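Trainee: this is a predicted model, with the sequence first.
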Amino acid sequence: MKIYIDGKFYDKDEAKVSVFDHGVLYGDGIFEGIRAYNGRVFRLDDHLKRLADSANAILLKLPLPIPDIEKAVLESVRINGLKDAYIRLVVTRGVGDLGLDMRKCHQGATLFIIADKIELYPDEFYEKGLTLVTSTIRQKGLDQVTPSVKSLNYLANIMARAEATAAGAQEAILLNAQGHVSECSGDNIFFIKDGKIFTPPTSAGILIGVTREVVMELAETKLGIKVIERNFPRYDLYSADEVFLTGTGAEVIAAVRIDGRAIGKGAAGPLTRLLIKHFREYAKSSGTPAYPASPAGAGRPVPAK
Ligand code: PXG
């Protein structure tokens, strides 16, 4: 495995950052989790836009212009010979003396990219659905560093996930300070009631998921259903016809048990199944190619969206 760090590729054992990196010392940095399907990087433009927005929000100057970061991502997939991949892109504040002052990081930000094989939920989870619990940990408020910044501070999410694991569940729901549902530890959440699809708005405190946006588009274009963004309490999940999660890792996946209650019929529902199907078809047929197109015209370059 070759890992990109600041313009060079290193073997896995040699790929290291300094103990003085403020990403390590303070969690001062941002990241993206991206997927490639069959040699094409899914929604790369959207991920890089979100990275730029996160950087701007935390006053971090990216070490490279976005087009150069895009090239580094594609090269990382290529050099590792990957077709289906999970790409982890991290930008830290870089090396600096001890202390919170970001001006200590004179050398500027560090960018590293890991491109690896992807680990997925077993197939049966897409049929049977996931079990969720509500975490005791509250979502960060909008008056804090907003959850829309994909920052290196994931402790709350990690603790919430540990609560889910301890309860025999796969994911944890985070309520915000108002008691509204925001999102899960690593996924956005939706519910379906009477043929309508609902999801929390960005003002509930969520990561604006790339998969969330794709699913909202697919729901509209393929199912003819507009997704309604509104605040809602857990009650709306308990009494929903279907609940599903979206995320780069999980894609679209049903949630069939929440806090001990069965949701709908207790298995992946019909609209969720349709969305899973449309999402997979779309994911396979789109994305930015990491490899040059073959001469026969197979795998012609496809626009990034
Ligand atoms: N909410 C949170 C808190 C997330 O971390 C999502 C929603 C879904 O966003 P996307 O853009 O993926 O649709 C996430 C995404 C990892 C990993 O390595 C985590 C995510 C994505 C990919 C990998 O744990 N979280």
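Mentor: Structure received. Numbering: from 1, shown residues only.
Trainee: just list whatever residues bridge to residue 262.
Mentor: Going by DSSP bridges, residue 262 is paired in beta bridges with residue 257.
Trainee: correct me, but it touches residue 254?
Mentor: No. Between residue 262 and residue 254 no contact is recorded; they are 11.9 Å apart, counting by C-beta atoms under 8 Å. For glycine as for every other residue, the C-beta is placed from the backbone atoms N, C-alpha and C.
Trainee: who's more crowded, those two?
Mentor: Neighbour count, other C-beta atoms under 10 Å: between residue 262 and residue 254, residue 254 has more, with 25 against 12.
Trainee: so that one, which of the three states?
Mentor: Following DSSP: H, G, I helix; E, B strand; the rest coil, we place residue 254 in the strand state.
Trainee: need the pLDDT of it.
Mentor: Listed pLDDT for residue 254 reads 98.
Trainee: roughly how far apart are it and residue 292?
Mentor: Remark: distance between residue 254 and residue 292 (C-beta to C-beta, to the nearest Å) = 38 Å.
Trainee: equivalent analysis for residue 63, please.
Mentor: Taking C-beta to C-beta, one finds residue 63 at 27 Å from residue 292.
Trainee: tell me which of those two has more neighbours.
Mentor: Applying other C-beta under 10 Å to residue 63 and residue 292 shows that residue 63 carries more neighbours, namely 18 against 9.
Trainee: could you say which helix or strand holds the residue of the chain found nearest the ligand?
Mentor: Closest residue of the chain to the ligand, C-beta to the nearest ligand atom: residue 33 (2.4 Å). Using DSSP states H and E, the element containing residue 33 is strand 29-37.
Trainee: name the helix or strand for residue 24, please.
Mentor: Per DSSP H and E, residue 24 falls inside helix 22-26.
Trainee: only alpha carbons, please: show stretch 141-158 as CSV.
Mentor: Provided in CSV are the C-alpha atoms of stretch 141-158 (Å, rounded to 0.1, in the frame of the first residue of the first chain):
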residue,chain,number,x,y,z
GLY,A,141,-24.8,22.9,18.9
LEU,A,142,-24.6,25.3,16.0
ASP,A,143,-22.9,27.8,18.4
GLN,A,144,-20.0,25.4,18.6
VAL,A,145,-17.8,24.3,15.7
THR,A,146,-20.8,23.2,13.7
PRO,A,147,-21.2,19.4,12.9
SER,A,148,-21.2,20.5,9.2
VAL,A,149,-17.4,20.9,9.5
LYS,A,150,-15.9,17.4,9.0
SER,A,151,-13.3,18.0,11.6
LEU,A,152,-10.8,15.6,13.2
ASN,A,153,-12.8,15.9,16.5
TYR,A,154,-14.9,12.7,16.3
LEU,A,155,-14.8,11.7,20.0
ALA,A,156,-18.5,12.4,20.5
ASN,A,157,-19.3,10.2,17.5
ILE,A,158,-16.9,7.5,18.6
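Trainee: what does the very next helix or strand once past the strand holding residue 33 contact?
Mentor: Downstream of strand 29-37, the first helix or strand assigned by DSSP H and E is strand 40-41. Strand 40-41 has contacts (C-beta atoms under 8 Å, 6 or more residues apart in numbering) with 34, 35, 73, 74, 77, 87, 286, 287, 288, 289, 290, 302.
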